[in-house]
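Asks: dropping the sequence and predicted coords here.
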Amino acid sequence: MKTVKKKSVRLSQDTYPVHYKISVRPDFQTFTFEGAETIEIVLKKQTSEITLHAVELEIKSASLIQGKTEQKPKILFNKKLETATFKFAKPIQKGKAELQLSFTGVLNDKMRGFYRSRYEINGKEKWIATTQFEAVDARRAFPCFDEPVFKAKFEVTLIVPKDMEAISNTLPNKTAIDTNCKTVTFLPTPPMSTYLLAFIVGELEYIETKTKEGVLVRVFTTPGKKKQAQFALDVAVKTLSFYSKYFGIVYPLPVLDMIAIPDFAAGAMENWGAVTYRESALLVDENLSSLANKQWVALVIAHELAHQWFGNLVTMEWWTHLWLNEGFASFMEYLAVDSIFPSWEMWVQFTALENGSALRLDGLKNTHPIEVLVSDPSEINEIFDSVSYSKGASVLRMLSEYLGAETFRKGLSQYLKKYKYGNATTVDLWTSLEIVSKKPVRKIMDKWTSRPGYPVLTVMENENKVTVTQKRFFSNRIVAKKSNDSTLWNVPFSIVQKKIDLKEKYLLSGKTLFINKNGLFIKVNSGECSFIRVKYSSDLLQQLEVPIQKKKLSAVDRLGIIRDAFALSEAGEISIPQVLNLVKSFKEEEDYAVWIEIASYLRQIAQLISDENFLPEYEKYCREIFAISAQKVGWDKKKGEKHTDSLLRPLVLMSIGSYGDKKTIERAILLFKKIEKGERVDPELRSVIFNLAAENGDEKIFNTLIELYKKETLQQEKDRIGRALGAFKDKKILSMTLEFSLSGHVRSQSVIPMIAAVWGNPKGRSLAWRFVKKNWKTLHKRFAGGHLLARLLESADAFVTEKEAADLEQFFKKNPLPEASRTVAQSLEQIRSNTVWLTTDRESLKSFLTNA
Ligand code: BES
Ligand code: ZN
């Protein structure tokens, strides 16, 4: 937590923009652009200087017009603050004025600001010019008041080569064509923040339709790929209608364009009316995309479209409230996909995917509160993490459960209506929900967003009286011992005992609460709707074994019990043999989400003991855990099987195969040969096949994978192959993968995941870290300033020795990377947790495994 309060770097709000007229002309020969703009501003008081944001732009001319006077200011740049200050000889009076600027900039290859993306058509190189402005990169495309609070209308003109499409946030108003250029002027936007503006220029093709409310929806791709856009179009149309109805507010623009961009730093970006995506998050090939790919596409679309209301219509006042954007969109995406694909069991998946990942990250001391003071760009970039996204979504889920879904919806709708075209803060949202629900929402939610971490509820029984006590949970036992954090949360939660369809609701507002026990078992946090962990006494935990085995408890409840047990064993609160025994109750488990959590915690332990001599015994134990399930799912799709069963198959086969199951490996290698020969192989199985072939493969397999990678045009398939390239066991081959990642055959956006794949492989982790150190300059030059390097450094949490921790720490002392400083601190904390965990539990784990 940062305690020193930093000097504010925000612009003065005494001068603010109301209307921008911008024209931009990208040049595809020189990779530069020329721009001109007129900003209508309002001055609340007289001033002799105006400051706005500009980075890596050359301002060619500037003049300020007020009434009949025109002034040419002096311009001073501040590189650190990323601003340009215009100084005037004579003061500008209170009231309206017009700032006219012309400027040039570079169409960069860094996937931020106004940048270029490359693709090929029949071996010919082609370019798209596109934008990525969030969080603070609009200032790289045009001088502007680049803070979310400065909402203004934008009238954009794009001057582009005649054969290219020009896309911005609204529809074209007029288009003028001359011999080789096209000038497209777009309708003015509603008042909006700079980070949501977009320009996209390129040879693109598209498909289109209309929603039942009459909104035009289009999906753009590079030439030849529009047939992969149909699924996205269908989902977008349904999602748009869903939200219009849910929020009770029609989509405020005449068009929703969605554009697949070959080079793209994030997954997608919610620019108002012109949402951009990386190809793998938008395009679906009916023959080659897997159901997991499809589900991801649906979730990303639903996420970005939620932002059209939550974020775009109502925007956070400052980045401190980023979670109002991201937490919400991460919650809403499940709601929307669940309504479109009710059989996909999205809320069960939510428990593992969002809730689960947030509980992990937020169990570290080096987490941050959902609302966090941020000022400079690196601090802002740093908070696009699981706390803002997944914890944000999880606490909303908890609140929705507490208030009831319909009350929650009404509150949201009221909030959006009240603040539309404006900005809001967290308290504004709580207030709307409080008014609608008549419940103390602000009081209940306060600690969840203002404090880091979450509580673990300790549950103990004494003669049919159960006590529930809260304290902050830390996954790192050393941290836990030293901590004197005495935060008490208001915890709404429910329990089941006796009848599993009967929930008893409670609100824990002090340290302790008493409950009457009236059944054979008690499961706290039923439905896993609250953002907590639960620690049972040994007896109470044991009483849950039968309900787990007999599936007397729901899938999410089973999931909650086992993941908390794993986390508590890392924290030193229960013994590791106790957990591994409990896992045995899950041998007949059939639910996908439960298996996600089990597989991932078992993997974490495998990472922890990867250099121990009892690893083979552990692998045998894991094979036994997965055996029944592997038998059940088999290799072939069953007729009419449910969605999550299809997702379960690759998870289970991959796990048992990775732990060395011979039959599974043989089958995978056989199928790999089929792929090699170009025969059709089920897309659901391809990642298992690639990975197991690599894990057990030699240089020949490596070369085959490289060939497949190079010639593949579907990004999702490329990503699968790319990850498998990190799975080899031979260090020489892993080095070749690392070299390949920077060879120019791999798009920028895929470089980091490829290195991370090697890093996540116990055989490759030292190698990957050495490679990163050796190529630091290159990596820094290519990726610094965004969030990709932070993603890479998350991989460091798999190290297990103090020596590795110290090395990492040293390196970043010498080579500071501000946008990843928290990630590095988190990884260091995790490594040190691993170290104590391993030293303390090594012997008990070993004897458990060797005597089993
Ligand atoms: N607003 C973000 C895009 C973004 C991320 C901009 C980081 C700047 C920095 C967008 O809405 C988003 O959250 N995209 C996610 C996908 C989503 C389904 C979780 C992403 O890019 O990972
Ligand atoms: Zn988002």
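Replies: Everything's here; your move. Everything numeric in this text was worked out from a predicted model, so none of it was measured. Ligands and ions are numbered 1, 2, ... in the order given.
Asks: mind listing the helices for the stretch 701-850 of the chain?
Replies: 715-724, 731-741, 748-759, 765-774, 776-783, 788-794, 802-814, 821-851 (DSSP state H, counting those that start in this stretch).
Asks: and the second one, C-alpha only, in PDB?
Replies: C-alpha atoms of helix 731-741 as PDB (Å, rounded to 0.1, in the frame of the first residue of the first chain):
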ATOM      1  CA  LYS A 731      16.300 -27.500 -22.600                       C
ATOM      2  CA  LYS A 732      17.900 -27.200 -26.000                       C
ATOM      3  CA  ILE A 733      14.500 -27.200 -27.600                       C
ATOM      4  CA  LEU A 734      13.100 -24.800 -25.100                       C
ATOM      5  CA  SER A 735      15.900 -22.400 -25.900                       C
ATOM      6  CA  MET A 736      14.900 -22.700 -29.600                       C
ATOM      7  CA  THR A 737      11.400 -21.700 -28.600                       C
ATOM      8  CA  LEU A 738      12.600 -18.700 -26.800                       C
ATOM      9  CA  GLU A 739      14.700 -17.600 -29.800                       C
ATOM     10  CA  PHE A 740      11.800 -18.200 -32.100                       C
ATOM     11  CA  SER A 741       9.600 -15.900 -30.000                       C
END
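Asks: would you confirm that residue 113 contacts residue 146?
Replies: No - between residue 113 and residue 146 there is no contact under Cβ atoms under 8 Å: 10.9 Å. Quick note: C-beta positions are derived from backbone N, CA and C, even for glycine.
Asks: give me the common contacts of those two.
Replies: Common contacts of residue 113 and residue 146 (Cβ atoms under 8 Å, 6 or more residues apart in numbering): 138-139.
Asks: those two: who's more crowded?
Replies: Legend: neighbour count by other Cβ atoms under 10 Å for residue 113 and residue 146, higher for residue 146 (26 against 23).
Asks: so which of the helices of the stretch 701-850 of the chain gets nearest residue 358?
Replies: Between residue 358 and the helices of the stretch 701-850 of the chain, the shortest gap by Cβ to Cβ is with helix 821-851, which sits at 13.2 Å.
Asks: you'd agree residue 87 is in a strand?
Replies: Yes - under DSSP: H, G, I helix; E, B strand; the rest coil, residue 87 falls within a strand.
Asks: that one against residue 76, yeah?
Replies: Yes - Residue 87 lies in contact with residue 76 (Cβ under 8 Å); the separation is 6.5 Å.
Asks: alpha carbons of stretch 744-752, as PDB, please.
Replies: Extracted in PDB, the C-alpha atoms of stretch 744-752 (Å, rounded to 0.1, in the frame of the first residue of the first chain):
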ATOM      1  CA  GLY A 744      10.000 -11.900 -36.300                       C
ATOM      2  CA  HIS A 745       7.700 -14.900 -37.100                       C
ATOM      3  CA  VAL A 746       5.700 -14.100 -33.900                       C
ATOM      4  CA  ARG A 747       3.400 -11.100 -33.600                       C
ATOM      5  CA  SER A 748       4.200  -8.700 -30.800                       C
ATOM      6  CA  GLN A 749       1.100  -9.600 -28.900                       C
ATOM      7  CA  SER A 750       2.100 -13.300 -28.900                       C
ATOM      8  CA  VAL A 751       5.700 -13.000 -27.900                       C
ATOM      9  CA  ILE A 752       5.000 -12.600 -24.200                       C
END
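Asks: that one - what's its average pLDDT?
Replies: Averaging pLDDT along stretch 744-752 gives 95.
Asks: stretch 558-574 now?
Replies: 97.
Asks: just stretch 405-422 next, same as before
Replies: Stretch 405-422 comes out at a mean pLDDT of 98.
Asks: could I get the buried residue list for that stretch?
Replies: Within stretch 405-422, the residues that count as buried by 16 or more other Cβ atoms under 10 Å are 407-416, 419.
Asks: residue ranges in the chain under the pLDDT threshold?
Replies: 1-8, 852 (pLDDT under 70).
Asks: tell me the residues of it that contact ligand 1?
Replies: Contact residues (Cβ under 6 Å from any ligand atom) of the chain with ligand 1: 134-135, 266-270, 299-300, 303-304, 307, 326, 329, 384, 787.
Asks: so of the residues you listed, which ones are in helices?
Replies: Taking DSSP state H as the definition of helices, the residues of the chain next to ligand 1 contribute 299-300, 303-304, 307, 326, 329.
Asks: ok now stretch 566-578, how far from the chain's centre?
Replies: 28 Å (Cα atoms, centre = their mean, to the nearest Å).
Asks: residues contacting residue 602?
Replies: When contacts are counted by Cβ under 8 Å, 6+ apart, residue 602 touches 583, 622, 625, 655.
Asks: go on, residue 13?
Replies: Counting by Cβ under 8 Å, 6+ apart, residue 13 touches 44, 149.
Asks: swap the cut-off to 10 Å and go again
Replies: By Cβ atoms under 10 Å, 6 or more residues apart in numbering, the contact list for residue 13 reads 44, 145, 147, 149-150.
Asks: gap between it and residue 211?
Replies: For residue 13, the distance to residue 211 equals 37 Å [Cβ to Cβ, to the nearest Å].
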